[in-house]
Structures are given as structure tokens and as C-alpha cells.
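Peer 1: only the shape, not the letters, is given here:
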């Protein structure tokens, strides 16, 4: 059995979209990733304020993930299910993956990316970037997240520039969009 077959969400029904994020059909998560189908996804970036400075929560993908295992990414990544609003999906997944809540969640940008992985799997996603405040202390699900860490904007920008290989394929774009949003705010409300 490959790692995708072990994914408990492989049969979730996802929204297939065109290049403008207009729904054009549905497919299971497994089918979307095996057949290279453009589908709706989201990347949540949780923030907190420490000594008047914003920090972003990074999550290291668990070793058992079907792709990008061990790489760093934004706080939470997933897909809305067919018929599920984007914000509702993110509010569902943050506690499932990270064991904490989120407040003030809002979309700050979107992008399309394509990446190929071992075993013929792909990520072809219209990825919505969402930012919100972390509520509570993260206690990640070890099947989803290997580790978490808080990082300030300057340190993250330097790490993305010097060591992009440490990050999942979508993470540099998602984190860059989130960082641009955060630098224009005194605080995320």
C-alpha cells in the first residue's frame, strides 16, 4: 500500500476548478492528486504577537505524509470539501491538524501551483492563502505534523531565500503572500 492509500482523507470529495477558480466538477482527493486535476485548496498561516512583533507558525509535515514528508510549510494546508465554504473548511482543519483554534481568519491572496512527486502524484492547486490569529497552544496531530515552530518575519524571509529546499513546494509562495499581508498591519485582528 502506498502512502496515498493510507491517507484517511483520500476519499474526500474536492472541488475541481478552472484557472479562475470557477467550479467545474468534483473528484476524490486521491483522484485529483493521481490524475493531475486542478482543484481548490487552502494554506492557513497562523500568527501571534510577541513583544509587539508578529510571529508566524510553521508546521513540519509528518514523516508519514504521502508527499513532502519532513518539509516545512505554513501552519495548516488542506482542501474544502464539495459544498463547504473555504473559511469553514479552514476552521475545521486547524483544530484537526494543530489542536488549537483560529480567530479573525481571512483570505489575503491566492495562487496556482503545480508540483510532481514520487509515485505519479501531483499537486495542481488553486491555493487560497488565509491568515488568522492562533488561539491556544498548538498540540499537533502527529499523523499530520512532525513539529511546529514560531518564527518572526525577518528570520522566515531569510530562511526562504537561503534554504528553499527545506520547504514544501507551495510554502514559499503561500508564506510570501502572508508575510506581505502581515507587514502592512500593525497587528492581525
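Peer 2: Sure thing, it's come through. Since this is a predicted model, take the numbers as computed values, not measurements.

Peer 1: need the contact list for the residue located most distally from the centre of the chain.
Peer 2: Going by C-alpha atoms, centre = their mean, the residue of the chain most distant from its centre is residue 51, 26.4 Å out. Listed by C-beta atoms under 8 Å, 6 or more residues apart in numbering, the contact set of residue 51 is empty. Every residue, glycine included, has its C-beta placed from N, CA and C.

Peer 1: for this protein, which strand extends over the most residues?
Peer 2: In the chain, assigned by DSSP state E, the strand with the most residues is strand 101-116.

Peer 1: buried ones in stretch 80-96?
Peer 2: Across stretch 80-96, burial judged by 16 or more other C-beta atoms under 10 Å covers 80, 81, 84, 86, 87, 89, 90, 91, 93, 94, 95.

Peer 1: which strand or helix spans the spatially most central residue of the chain?
Peer 2: Geometric centre of the chain, nearest residue: residue 77, 2.4 Å, by C-alpha atoms, centre = their mean. For residue 77, the element it lies in under DSSP states H and E is strand 76-78.

Peer 1: over to residue 132?
Peer 2: Here residue 132 is assigned to strand 122-135, by DSSP H and E.

Peer 1: phi and psi next, for the residue farthest from the centre of the chain.
Peer 2: phi 50, psi 50 (degrees, to the nearest 10).

Peer 1: ok, back up a step: the residue nearest to the centre of the chain pairs with what?
Peer 2: Judged by DSSP bridges, the bridge partners of residue 77 are residue 43.

Peer 1: ok, the one 4 residues further on next?
Peer 2: For residue 81, the beta-bridge partners under DSSP bridges are residue 14.

Peer 1: does it touch residue 14 like I think?
Peer 2: Yes: proximity of residue 81 to residue 14 meets the contact threshold set by C-beta atoms under 8 Å, at 6.8 Å.

Peer 1: now for the helix or strand just after the strand holding residue 77, which elements pack on it?
Peer 2: As assigned by DSSP H and E, the chain's next helix or strand after strand 76-78 is helix 86-98. Judged by 3 or more C-beta pairs under 8 Å, 6 or more residues apart in numbering; DSSP states H and E, the packing partners of helix 86-98 are strand 39-50, strand 53-61, strand 76-78, strand 101-116, strand 122-135, strand 145-152.
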